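[1] have a look at this fold, sequence not included:
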(Lines give C-alpha, C1' and ligand atoms only; values in the text may rest on other atoms or scores of the structure.)
Protein backbone atom coordinates (compact mmCIF):
# COMPACT_ATOMS: atom_id res chain seq x y z
CA UNK A 1 0.00 0.00 0.00
CA UNK A 2 2.81 2.54 0.71
CA UNK A 3 4.17 1.77 -2.76
CA UNK A 4 0.75 2.57 -4.27
CA UNK A 5 0.69 5.90 -2.43
CA UNK A 6 4.21 6.74 -3.53
CA UNK A 7 3.44 5.78 -7.14
CA UNK A 8 0.33 7.95 -7.27
CA UNK A 9 2.10 10.85 -5.58
CA UNK A 10 4.86 10.58 -8.18
CA UNK A 11 2.29 10.68 -10.98
CA UNK A 12 0.69 13.79 -9.50
CA UNK A 13 4.05 15.46 -9.12
CA UNK A 14 4.60 15.03 -12.84
CA UNK A 15 1.02 15.91 -13.77
CA UNK A 16 -1.06 17.69 -11.05
CA UNK A 17 -4.07 17.59 -13.35
CA UNK A 18 -4.22 13.78 -13.33
CA UNK A 19 -7.61 13.70 -11.66
CA UNK A 20 -8.03 9.92 -11.79
CA UNK A 21 -4.75 9.43 -9.92
CA UNK A 22 -5.82 12.03 -7.35
CA UNK A 23 -9.16 10.29 -6.83
CA UNK A 24 -7.49 6.90 -6.36
CA UNK A 25 -4.93 8.41 -4.02
CA UNK A 26 -7.68 9.99 -1.91
CA UNK A 27 -9.38 6.64 -1.34
CA UNK A 28 -6.11 4.91 -0.45
CA UNK A 29 -5.16 7.71 1.93
CA UNK A 30 -8.42 7.64 3.86
CA UNK A 31 -8.40 3.83 4.06
CA UNK A 32 -4.99 4.06 5.68
CA UNK A 33 -5.88 6.80 8.13
CA UNK A 34 -4.29 9.73 6.29
CA UNK A 35 -7.45 11.79 6.52
CA UNK A 36 -5.89 15.24 6.35
CA UNK A 37 -4.08 14.36 3.11
CA UNK A 38 -7.26 12.85 1.68
CA UNK A 39 -9.15 15.99 2.67
CA UNK A 40 -6.85 18.22 0.63
CA UNK A 41 -7.05 16.02 -2.45
CA UNK A 42 -10.84 15.74 -2.34
CA UNK A 43 -11.31 19.47 -1.81
CA UNK A 44 -9.12 20.02 -4.87
CA UNK A 45 -11.18 17.59 -6.94
CA UNK A 46 -14.51 19.09 -5.83
CA UNK A 47 -13.43 22.49 -7.12
CA UNK A 48 -12.82 21.02 -10.57
CA UNK A 49 -15.83 18.68 -10.56
CA UNK A 50 -18.50 20.52 -8.53
CA UNK A 51 -21.31 18.35 -9.89
CA UNK A 52 -19.71 15.01 -8.99
CA UNK A 53 -21.93 13.70 -6.17
CA UNK A 54 -19.54 10.88 -5.23
CA UNK A 55 -16.70 13.32 -4.65
CA UNK A 56 -18.81 15.42 -2.27
CA UNK A 57 -19.99 12.25 -0.54
CA UNK A 58 -16.42 11.01 -0.06
CA UNK A 59 -15.35 14.43 1.17
CA UNK A 60 -18.19 14.29 3.68
CA UNK A 61 -16.86 10.96 4.93
CA UNK A 62 -13.39 12.45 5.42
CA UNK A 63 -14.81 15.47 7.25
CA UNK A 64 -16.79 13.11 9.47
CA UNK A 65 -13.66 11.12 10.32
CA UNK A 66 -11.93 14.38 11.20
CA UNK A 67 -14.87 15.38 13.44
CA UNK A 68 -15.62 18.38 11.22
CA UNK A 69 -19.33 17.71 11.41
CA UNK A 70 -20.56 21.05 10.07
CA UNK A 71 -18.45 20.62 6.95
CA UNK A 72 -19.51 17.00 6.62
CA UNK A 73 -23.14 18.10 6.76
CA UNK A 74 -22.57 20.57 3.93
CA UNK A 75 -20.76 17.98 1.81
CA UNK A 76 -23.49 15.36 2.23
CA UNK A 77 -26.21 17.91 1.52
CA UNK A 78 -24.38 18.90 -1.67
CA UNK A 79 -24.15 15.24 -2.72
CA UNK A 80 -27.88 14.76 -2.09
CA UNK A 81 -28.76 17.92 -4.06
CA UNK A 82 -26.92 16.46 -7.05
CA UNK A 83 -28.05 12.84 -6.71
CA UNK A 84 -30.25 11.81 -3.76
CA UNK A 85 -29.08 8.34 -2.79
CA UNK A 86 -29.73 6.08 0.19
CA UNK A 87 -26.12 6.13 1.43
CA UNK A 88 -25.97 9.92 1.21
CA UNK A 89 -29.09 10.29 3.35
CA UNK A 90 -27.84 7.76 5.88
CA UNK A 91 -24.47 9.44 6.38
CA UNK A 92 -26.10 12.85 6.60
CA UNK A 93 -28.42 11.46 9.27
CA UNK A 94 -25.44 10.25 11.29
CA UNK A 95 -23.79 13.66 11.13
CA UNK A 96 -27.03 15.33 12.20
CA UNK A 97 -27.09 12.97 15.19
CA UNK A 98 -23.57 14.15 16.05
CA UNK A 99 -24.82 17.73 15.76
CA UNK A 100 -27.88 16.86 17.86
CA UNK A 101 -30.22 18.04 15.11
CA UNK A 102 -32.75 15.34 15.90
CA UNK A 103 -35.64 16.48 13.68
CA UNK A 104 -33.53 16.69 10.54
CA UNK A 105 -31.78 13.42 11.35
CA UNK A 106 -35.16 11.70 11.69
CA UNK A 107 -36.09 12.82 8.16
CA UNK A 108 -32.88 11.37 6.73
CA UNK A 109 -33.32 7.93 8.29
CA UNK A 110 -36.94 7.80 7.17
CA UNK A 111 -35.74 8.51 3.62
CA UNK A 112 -33.46 5.47 3.85
CA UNK A 113 -36.27 3.27 5.15
CA UNK A 114 -38.38 4.12 2.10
CA UNK A 115 -36.01 2.05 -0.02
CA UNK A 116 -34.66 -0.32 2.67
CA UNK A 117 -37.34 -0.98 5.30
CA UNK A 118 -35.14 -3.63 6.99
CA UNK A 119 -32.24 -1.38 7.87
CA UNK A 120 -31.76 -2.06 11.59
CA UNK A 121 -29.22 0.73 11.97
CA UNK A 122 -31.79 3.25 10.78
CA UNK A 123 -34.26 2.07 13.41
CA UNK A 124 -31.56 2.38 16.06
CA UNK A 125 -30.75 5.92 14.99
CA UNK A 126 -34.43 6.83 14.88
CA UNK A 127 -34.62 5.51 18.43
CA UNK A 128 -31.81 7.89 19.35
CA UNK A 129 -33.67 10.81 17.83
CA UNK A 130 -36.88 10.04 19.73
CA UNK A 131 -35.00 9.28 22.95
CA UNK A 132 -33.25 12.64 22.86
CA UNK A 133 -36.55 14.37 22.13
CA UNK A 134 -37.92 12.63 25.23
CA UNK A 135 -40.42 10.62 23.20
CA UNK A 136 -39.72 7.39 25.04
CA UNK A 137 -42.53 5.28 23.61
CA UNK A 138 -41.45 6.01 20.04
CA UNK A 139 -37.84 5.35 21.06
CA UNK A 140 -38.85 1.98 22.51
CA UNK A 141 -40.66 1.04 19.31
CA UNK A 142 -37.63 1.76 17.18
CA UNK A 143 -35.08 0.11 19.48
CA UNK A 144 -37.30 -2.98 19.51
CA UNK A 145 -37.39 -2.96 15.70
CA UNK A 146 -33.62 -2.62 15.68
CA UNK A 147 -33.09 -5.76 17.81
CA UNK A 148 -35.73 -7.69 15.89
CA UNK A 149 -33.68 -7.10 12.72
CA UNK A 150 -30.28 -7.42 14.39
CA UNK A 151 -30.45 -9.53 17.58
CA UNK A 152 -26.78 -8.72 18.29
CA UNK A 153 -27.35 -4.98 18.68
CA UNK A 154 -26.12 -4.47 22.25
CA UNK A 155 -26.62 -0.72 22.08
CA UNK A 156 -30.30 -1.01 21.25
CA UNK A 157 -30.73 -3.54 24.09
CA UNK A 158 -28.95 -1.18 26.47
CA UNK A 159 -31.21 1.71 25.54
CA UNK A 160 -34.23 -0.53 26.00
CA UNK A 161 -33.00 -1.45 29.47
CA UNK A 162 -32.37 2.14 30.41
CA UNK A 163 -35.79 3.35 29.27
CA UNK A 164 -37.54 0.46 31.01
CA UNK A 165 -35.55 1.24 34.15
CA UNK A 166 -36.63 4.89 34.07
CA UNK A 167 -40.24 3.84 33.57
CA UNK A 168 -40.09 1.52 36.59
CA UNK A 169 -40.42 -1.63 34.45
CA UNK A 170 -37.66 -3.35 36.38
CA UNK A 171 -38.14 -6.88 35.07
CA UNK A 172 -37.98 -5.71 31.46
CA UNK A 173 -34.92 -3.60 32.27
CA UNK A 174 -33.13 -6.55 33.85
CA UNK A 175 -33.98 -8.75 30.88
CA UNK A 176 -32.57 -6.17 28.45
CA UNK A 177 -29.33 -5.66 30.41
CA UNK A 178 -28.84 -9.40 30.70
CA UNK A 179 -29.29 -9.66 26.94
CA UNK A 180 -26.49 -7.12 26.57
CA UNK A 181 -24.24 -9.27 28.73
CA UNK A 182 -25.09 -12.41 26.78
CA UNK A 183 -23.77 -10.70 23.67
CA UNK A 184 -20.94 -8.76 25.31
CA UNK A 185 -19.96 -10.17 28.73
CA UNK A 186 -17.49 -7.35 29.38
CA UNK A 187 -20.01 -4.48 29.00
CA UNK A 188 -19.47 -2.83 32.38
CA UNK A 189 -22.31 -0.33 32.07
CA UNK A 190 -24.85 -3.14 32.05
CA UNK A 191 -23.32 -4.60 35.22
CA UNK A 192 -23.51 -1.22 36.93
CA UNK A 193 -27.16 -0.65 36.10
CA UNK A 194 -28.05 -4.18 37.20
CA UNK A 195 -26.22 -3.44 40.44
CA UNK A 196 -28.13 -0.19 40.80
CA UNK A 197 -31.44 -2.00 40.39
CA UNK A 198 -30.45 -4.67 42.90
CA UNK A 199 -29.36 -1.99 45.39
CA UNK A 200 -32.65 -0.15 45.12
CA UNK A 201 -34.45 -3.43 45.71
CA UNK A 202 -32.32 -3.99 48.85
CA UNK A 203 -30.65 -7.02 47.27
CA UNK A 204 -27.25 -5.95 48.55
CA UNK A 205 -25.32 -9.16 47.97
CA UNK A 206 -26.49 -9.33 44.37
CA UNK A 207 -25.74 -5.63 43.88
CA UNK A 208 -22.24 -6.10 45.27
CA UNK A 209 -21.46 -8.87 42.78
CA UNK A 210 -22.62 -6.76 39.85
CA UNK A 211 -20.57 -3.80 41.05
CA UNK A 212 -17.46 -5.92 41.47
CA UNK A 213 -17.96 -7.07 37.88
CA UNK A 214 -18.26 -3.41 36.85
CA UNK A 215 -14.90 -2.63 38.44
CA UNK A 216 -13.34 -5.77 36.99
CA UNK A 217 -14.08 -4.61 33.46
CA UNK A 218 -13.69 -0.88 34.10
CA UNK A 219 -11.40 -0.10 37.05
CA UNK A 220 -11.92 3.63 36.45
CA UNK A 221 -15.65 3.46 37.19
CA UNK A 222 -15.65 5.47 40.40
CA UNK A 223 -19.42 5.52 40.73
CA UNK A 224 -19.28 1.75 41.18
CA UNK A 225 -16.80 2.16 44.05
CA UNK A 226 -19.07 4.71 45.74
CA UNK A 227 -22.08 2.42 45.66
CA UNK A 228 -19.98 -0.57 46.68
CA UNK A 229 -18.76 1.32 49.76
CA UNK A 230 -22.35 1.93 50.84
CA UNK A 231 -23.23 -1.73 50.50
CA UNK A 232 -20.16 -2.97 52.33
CA UNK A 233 -20.78 -0.58 55.21
CA UNK A 234 -24.37 -1.75 55.43
CA UNK A 235 -23.08 -5.32 55.72
CA UNK A 236 -20.18 -4.30 58.01
CA UNK A 237 -17.77 -5.73 55.43
CA UNK A 238 -15.09 -3.14 56.14
CA UNK A 239 -12.04 -5.31 55.51
CA UNK A 240 -13.22 -6.23 52.03
CA UNK A 241 -13.97 -2.66 50.95
CA UNK A 242 -10.72 -1.36 52.45
CA UNK A 243 -8.81 -3.89 50.38
CA UNK A 244 -10.72 -2.92 47.24
CA UNK A 245 -10.14 0.81 47.77
CA UNK A 246 -6.45 0.46 48.66
CA UNK A 247 -5.87 -1.74 45.62
CA UNK A 248 -7.49 0.87 43.37
CA UNK A 249 -5.56 3.75 44.95
CA UNK A 250 -2.26 1.91 44.56
CA UNK A 251 -2.86 2.00 40.80
CA UNK A 252 -3.96 5.63 40.63
CA UNK A 253 -4.73 8.31 43.20
CA UNK A 254 -8.27 9.67 43.01
CA UNK A 255 -10.01 12.27 45.15
CA UNK A 256 -13.37 10.49 45.17
CA UNK A 257 -11.80 7.18 46.20
CA UNK A 258 -9.86 8.84 49.01
CA UNK A 259 -13.13 10.30 50.25
CA UNK A 260 -14.76 6.87 50.06
CA UNK A 261 -11.83 5.55 52.07
CA UNK A 262 -12.37 8.30 54.65
CA UNK A 263 -16.00 7.22 55.07
CA UNK A 264 -14.94 3.66 55.80
CA UNK A 265 -12.39 4.76 58.42
CA UNK A 266 -15.02 7.02 59.97
CA UNK A 267 -17.35 4.03 60.19
CA UNK A 268 -14.81 1.82 61.99
CA UNK A 269 -13.65 4.64 64.28
CA UNK A 270 -10.08 5.03 63.07
CA UNK A 271 -9.84 8.81 63.31
CA UNK A 272 -6.18 9.06 62.32
CA UNK A 273 -6.74 7.18 59.06
CA UNK A 274 -10.01 9.05 58.59
CA UNK A 275 -8.13 12.34 58.83
CA UNK A 276 -5.36 11.23 56.47
CA UNK A 277 -7.85 10.04 53.85
CA UNK A 278 -9.72 13.36 53.98
CA UNK A 279 -6.44 15.19 53.56
CA UNK A 280 -5.53 13.01 50.56
CA UNK A 281 -8.94 13.70 49.01
CA UNK A 282 -8.33 17.45 49.21
CA UNK A 283 -4.91 17.00 47.63
CA UNK A 284 -6.58 15.50 44.55
CA UNK A 285 -9.12 18.20 43.62
CA UNK A 286 -9.19 17.38 39.92
CA UNK A 287 -10.73 13.99 40.65
CA UNK A 288 -12.88 15.07 43.60
CA UNK A 289 -16.58 15.53 42.81
CA UNK A 290 -17.65 16.07 46.41
CA UNK A 291 -17.90 19.54 47.94
CA UNK A 292 -14.38 20.76 48.65
CA UNK A 293 -15.53 23.22 51.30
CA UNK A 294 -17.56 20.58 53.15
CA UNK A 295 -14.60 18.20 53.25
CA UNK A 296 -12.43 21.01 54.63
CA UNK A 297 -14.95 21.53 57.44
CA UNK A 298 -15.01 17.80 58.06
CA UNK A 299 -11.21 17.77 58.24
CA UNK A 300 -11.26 20.61 60.77
CA UNK A 301 -13.74 18.76 63.00
CA UNK A 302 -11.70 15.55 62.96
CA UNK A 303 -8.47 17.52 63.42
CA UNK A 304 -9.87 19.14 66.58
CA UNK A 305 -10.82 15.72 67.88
CA UNK A 306 -7.35 14.20 67.43
CA UNK A 307 -5.25 17.31 67.91
CA UNK A 308 -4.02 17.76 64.34
CA UNK A 309 -4.14 21.10 62.58
CA UNK A 310 -2.34 20.78 59.25
CA UNK A 311 -2.84 23.30 56.50
CA UNK A 312 -3.87 21.93 53.11
CA UNK A 313 -2.36 23.98 50.33
CA UNK A 314 -5.11 24.42 47.72
CA UNK A 315 -4.29 24.16 44.04
CA UNK A 316 -4.65 27.42 42.11
CA UNK A 317 -7.68 26.26 40.14
CA UNK A 318 -9.39 24.20 42.81
CA UNK A 319 -12.21 26.76 43.18
CA UNK A 320 -13.71 25.74 39.87
CA UNK A 321 -14.39 22.31 41.29
CA UNK A 322 -16.39 23.67 44.20
CA UNK A 323 -19.19 25.37 42.27
CA UNK A 324 -20.33 22.42 40.13
CA UNK A 325 -20.44 19.65 42.73
CA UNK A 326 -23.46 18.55 44.73
CA UNK A 327 -23.35 20.15 48.14
CA UNK A 328 -23.10 17.91 51.14
CA UNK A 329 -24.95 18.69 54.34
CA UNK A 330 -22.80 20.86 56.56
CA UNK A 331 -20.98 19.13 59.36
CA UNK A 332 -21.99 20.21 62.84
CA UNK A 333 -19.46 22.08 64.93
CA UNK A 334 -19.62 19.42 67.59
CA UNK A 335 -18.30 15.98 66.67
CA UNK A 336 -20.93 13.58 67.95
CA UNK A 337 -19.22 10.25 67.32
CA UNK A 338 -19.18 7.74 64.50
CA UNK A 339 -22.22 6.34 62.72
CA UNK A 340 -23.21 2.72 62.98
CA UNK A 341 -24.48 2.48 59.42
CA UNK A 342 -24.02 4.21 56.11
CA UNK A 343 -26.50 6.38 54.30
CA UNK A 344 -28.93 5.10 51.67
CA UNK A 345 -28.69 7.75 49.04
CA UNK A 346 -30.09 7.63 45.57
CA UNK A 347 -27.94 5.80 43.11
CA UNK A 348 -27.12 6.95 39.62
CA UNK A 349 -27.44 4.77 36.57
CA UNK A 350 -25.47 5.02 33.40
CA UNK A 351 -27.30 6.91 30.73
CA UNK A 352 -27.14 5.49 27.24
CA UNK A 353 -24.87 6.89 24.61
CA UNK A 354 -26.23 9.49 22.25
CA UNK A 355 -24.39 8.19 19.24
CA UNK A 356 -23.71 4.88 17.63
CA UNK A 357 -20.34 4.16 16.11
CA UNK A 358 -19.88 0.44 15.70
CA UNK A 359 -21.05 -1.98 13.09
CA UNK A 360 -23.91 -3.70 14.86
CA UNK A 361 -23.30 -6.83 12.84
CA UNK A 362 -20.06 -7.32 14.77
CA UNK A 363 -20.97 -6.11 18.23
CA UNK A 364 -19.92 -9.44 19.70
CA UNK A 365 -16.39 -8.05 19.69
CA UNK A 366 -17.30 -4.85 21.47
CA UNK A 367 -14.24 -3.45 23.24
CA UNK A 368 -14.28 -1.60 26.57
CA UNK A 369 -14.23 2.10 26.18
CA UNK A 370 -11.03 3.86 26.91
CA UNK A 371 -12.57 6.08 29.20
CA UNK A 372 -15.13 3.69 29.09
CA UNK A 373 -17.31 6.69 29.66
CA UNK A 374 -18.35 3.66 28.98
CA UNK A 375 -18.42 5.13 29.47
CA UNK A 376 -20.49 5.58 25.07
CA UNK A 377 -19.51 6.34 21.66
CA UNK A 378 -18.53 9.43 19.74
CA UNK A 379 -20.03 8.67 16.35
CA UNK A 380 -23.03 7.07 14.83
CA UNK A 381 -22.41 3.85 12.96
CA UNK A 382 -20.81 4.75 9.65
CA UNK A 383 -21.76 2.74 6.60
CA UNK A 384 -18.91 3.89 4.38
CA UNK A 385 -19.28 2.01 1.13
CA UNK A 386 -16.42 3.84 -0.52
CA UNK A 387 -13.85 3.36 2.19
CA UNK A 388 -14.98 0.36 4.16
CA UNK A 389 -16.06 -0.01 7.81
CA UNK A 390 -14.56 2.30 10.35
CA UNK A 391 -14.05 1.45 14.01
CA UNK A 392 -15.38 4.26 16.16
CA UNK A 393 -13.89 5.68 19.31
CA UNK A 394 -15.80 5.41 22.47
CA UNK A 395 -16.20 8.25 24.81
CA UNK A 396 -16.11 8.28 28.54
CA UNK A 397 -18.87 7.78 29.74
CA UNK A 398 -21.29 9.75 31.09
CA UNK A 399 -23.31 9.43 34.16
CA UNK A 400 -26.89 10.45 34.34
CA UNK A 401 -26.44 12.03 37.78
CA UNK A 402 -23.93 12.36 40.57
CA UNK A 403 -24.19 10.13 43.60
CA UNK A 404 -23.16 12.08 46.67
CA UNK A 405 -22.72 11.05 50.28
CA UNK A 406 -25.18 12.03 52.95
CA UNK A 407 -22.86 13.87 55.30
CA UNK A 408 -24.89 13.28 58.45
CA UNK A 409 -25.02 9.49 58.37
CA UNK A 410 -26.77 9.13 61.69
CA UNK A 411 -29.79 11.12 60.58
CA UNK A 412 -30.09 9.86 57.05
CA UNK A 413 -33.23 8.18 55.79
CA UNK A 414 -33.48 5.43 53.23
CA UNK A 415 -34.22 6.79 49.78
CA UNK A 416 -33.71 4.34 46.99
CA UNK A 417 -35.61 6.06 44.19
CA UNK A 418 -33.71 6.53 40.96
CA UNK A 419 -33.19 9.88 39.37
CA UNK A 420 -32.77 10.23 35.64
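    Sure thing, it's come through. Source: prediction; values computed, not measured.
[2] which parts of stretch 138-155 are buried?
    Burial within stretch 138-155, assessed by neighbour count using 16 or more other Cβ atoms under 10 Å, is assigned to 138-140, 142-143, 145-147, 149-150, 152-155. From N, CA and C alone the C-beta is placed, and that goes for glycine too.
[3] in JSON lines, list those residues along with pLDDT, secondary structure and distance to residue 286.
    What follows is the buried residues of stretch 138-155, written out as JSON lines (pLDDT from 0 to 100; DSSP: H, G, I helix; E, B strand; the rest coil; distance: Cβ to Cβ, whole Å):
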{"residue": "138", "pLDDT": "97", "secondary structure": "helix", "distance to residue 286": "40"}
{"residue": "139", "pLDDT": "97", "secondary structure": "helix", "distance to residue 286": "35"}
{"residue": "140", "pLDDT": "97", "secondary structure": "helix", "distance to residue 286": "39"}
{"residue": "142", "pLDDT": "98", "secondary structure": "helix", "distance to residue 286": "39"}
{"residue": "143", "pLDDT": "98", "secondary structure": "helix", "distance to residue 286": "36"}
{"residue": "145", "pLDDT": "98", "secondary structure": "helix", "distance to residue 286": "43"}
{"residue": "146", "pLDDT": "98", "secondary structure": "helix", "distance to residue 286": "38"}
{"residue": "147", "pLDDT": "97", "secondary structure": "helix", "distance to residue 286": "40"}
{"residue": "149", "pLDDT": "97", "secondary structure": "helix", "distance to residue 286": "44"}
{"residue": "150", "pLDDT": "96", "secondary structure": "coil", "distance to residue 286": "40"}
{"residue": "152", "pLDDT": "96", "secondary structure": "coil", "distance to residue 286": "39"}
{"residue": "153", "pLDDT": "96", "secondary structure": "coil", "distance to residue 286": "36"}
{"residue": "154", "pLDDT": "96", "secondary structure": "helix", "distance to residue 286": "32"}
{"residue": "155", "pLDDT": "97", "secondary structure": "helix", "distance to residue 286": "31"}
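[4] of those, closest to residue 215?
    Taking Cβ to Cβ as the measure, residue 154 is the one of those closest to residue 215, at 20.0 Å.
[5] residue 142 versus that closest one, what's the distance?
    Between residue 154 and residue 142 the computed distance is 16 Å (Cβ to Cβ, to the nearest Å).
[6] check residue 215 too.
    With distances taken as Cβ to Cβ, residue 215 is found 33 Å from residue 142.
[7] same check on residue 160?
    Taken as Cβ to Cβ, the span from residue 160 to residue 142 is 10 Å.
[8] make JSON lines out of the buried residues of stretch 138-155 and add distance to residue 41.
    Below are these laid out as JSON lines (distance: Cβ to Cβ, whole Å):
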{"residue": "138", "distance to residue 41": "42"}
{"residue": "139", "distance to residue 41": "40"}
{"residue": "140", "distance to residue 41": "44"}
{"residue": "142", "distance to residue 41": "38"}
{"residue": "143", "distance to residue 41": "39"}
{"residue": "145", "distance to residue 41": "39"}
{"residue": "146", "distance to residue 41": "36"}
{"residue": "147", "distance to residue 41": "40"}
{"residue": "149", "distance to residue 41": "37"}
{"residue": "150", "distance to residue 41": "35"}
{"residue": "152", "distance to residue 41": "36"}
{"residue": "153", "distance to residue 41": "35"}
{"residue": "154", "distance to residue 41": "37"}
{"residue": "155", "distance to residue 41": "34"}
